[in-house]
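Test case, fold it:
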Amino acid sequence: MEMLIAGLVIFLGIHALRVWGEGLRGALLLRLGSMGFKGVYSIASLAGFYLLIVGYGQARLEPVQLWTPPPGMGHATVALMWVSMVMLASAEIPRNAIKARLRHPMVLGVKVWALSHILANGTLHDLLLFGGFLVWAVLSFRAARQRDRAALEAGDVAESPPTSAAATAGAVLIGTAAWAAFIMVVHVWLIGVAPIAAMAA
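Sure thing, here's the model as predicted:
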């Protein structure tokens, strides 16, 4: 469990610089330069991610059950994961209406992903992992909206390009394809759990 917590602290901590550490981030950029900062950021992210993955795997061997999720939560998780994947896809596709409306779909996608897994799992290690990401996503979205408001008040907002129905459809299709691949193949490979089979159990 200690390794999981250490991984969460490092991984989410380095990714929280835009939430609570703009001053520190600016100082590091000034001291290390753009390339140096990116190097430190990448190394810390990879180290944190490694500890997180290994620690989660170890914690799963001796789970501490906190509660038993009610029936149907597996179905809700699979459905919410589709929403999450579409949001994540829309973050990378320009001119789609989802991104134009939500402004920060990647952070919202992480929020939905984390919440959906808290609903379906009642163990301590799941609460730590997904709860940590949920808190990070909530604070990150709040910080992003504050930056949006500050830019709007300063008049430093570029005109958004018109949205495209084709781009929006592409985001939905790519997100749906990623969702299907994840629940049918990737989740089993990474976690050892088949979501569809778990729903039927």
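
So which residues of this protein form helices?
With DSSP state H as the criterion, the chain has helices at 2-15, 17-20, 22-61, 73-90, 97-102, 105-120, 124-153, 165-181, 187-191, 195-200.

buried sites along the first one?
It refers to helix 2-15. Neighbour-count burial for helix 2-15 flags 3, 4, 5, 7, 8, 10, 11, 12, 14, 15 (criterion: 16 or more other C-beta atoms under 10 Å). All C-beta atoms are positioned from the backbone trio N, CA, C, and that covers glycine.

which of those residues lies closest to residue 53?
Nearest to residue 53 among these, counting by C-beta to C-beta, is residue 7 at 7.3 Å.

Surely the closest one is in contact with residue 50?
Yes - in this structure, residue 7 is within contact of residue 50 by C-beta atoms under 8 Å, at 7.2 Å.

Kindly provide the distance from residue 34 to residue 13.
According to C-beta to C-beta, to the nearest Å, residue 34 and residue 13 sit 21 Å apart.

What of residue 44?
Taking C-beta to C-beta, one finds residue 44 at 8 Å from residue 13.

domains for this protein, by residue range?
According to automatic domain parsing, the chain comprises the domains 1-62, 67-201.

Let's have those domains in JSON lines, adding mean pLDDT.
Formatted as JSON lines, these follow (pLDDT from 0 to 100):
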{"stretch": "domain 1-62", "mean pLDDT": "89"}
{"stretch": "domain 67-201", "mean pLDDT": "90"}
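
tell me which residues in stretch 98-116 are buried?
98-100, 102, 104-116.

Ok, stretch 174-181 next?
Those would be 174, 175, 178, 179, for stretch 174-181 by 16+ other C-beta under 10 Å.

out of those, who's nearest residue 70?
Closest approach between the buried residues of stretch 174-181 and residue 70, by C-beta to C-beta: residue 179, at 23.3 Å.

list the contacts for the closest one?
Neighbouring residues of residue 179 by C-beta atoms under 8 Å, 6 or more residues apart in numbering: 81, 82, 84, 85, 86.

and if we set it to 10 Å?
78, 79, 81, 82, 83, 84, 85, 86, 88, 89 (C-beta atoms under 10 Å, 6 or more residues apart in numbering).

if I read this right, the fourth one contacts residue 176, doesn't it?
It stands for residue 82. Yes - contact status for residue 82 versus residue 176: in contact at 6.7 Å, counting by C-beta atoms under 10 Å.

Quickly list what's touching both of those two.
In contact with both residue 82 and residue 176: no residue, using C-beta under 10 Å, 6+ apart.

Keeping just the C-alphas, turn stretch 138-158 into PDB.
Extracted in PDB, the C-alpha atoms of stretch 138-158 (Å, rounded to 0.1, in the frame of the first residue of the first chain):
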ATOM      1  CA  VAL A 138     -12.000  18.200  -9.500                       C
ATOM      2  CA  LEU A 139      -9.200  20.600  -8.400                       C
ATOM      3  CA  SER A 140      -7.700  20.700 -11.900                       C
ATOM      4  CA  PHE A 141     -11.000  21.500 -13.500                       C
ATOM      5  CA  ARG A 142     -11.600  24.300 -10.900                       C
ATOM      6  CA  ALA A 143      -8.200  25.800 -11.600                       C
ATOM      7  CA  ALA A 144      -8.700  25.600 -15.300                       C
ATOM      8  CA  ARG A 145     -12.100  27.400 -15.000                       C
ATOM      9  CA  GLN A 146     -10.400  30.100 -12.900                       C
ATOM     10  CA  ARG A 147      -7.800  30.600 -15.600                       C
ATOM     11  CA  ASP A 148     -10.600  30.800 -18.200                       C
ATOM     12  CA  ARG A 149     -12.400  33.500 -16.200                       C
ATOM     13  CA  ALA A 150      -9.100  35.500 -15.600                       C
ATOM     14  CA  ALA A 151      -8.300  35.400 -19.300                       C
ATOM     15  CA  LEU A 152     -11.900  36.500 -20.200                       C
ATOM     16  CA  GLU A 153     -11.700  39.400 -17.700                       C
ATOM     17  CA  ALA A 154      -8.300  40.400 -19.200                       C
ATOM     18  CA  GLY A 155      -9.700  40.200 -22.700                       C
ATOM     19  CA  ASP A 156      -7.000  37.700 -23.600                       C
ATOM     20  CA  VAL A 157      -9.300  35.100 -25.200                       C
ATOM     21  CA  ALA A 158      -8.900  34.100 -28.800                       C
END
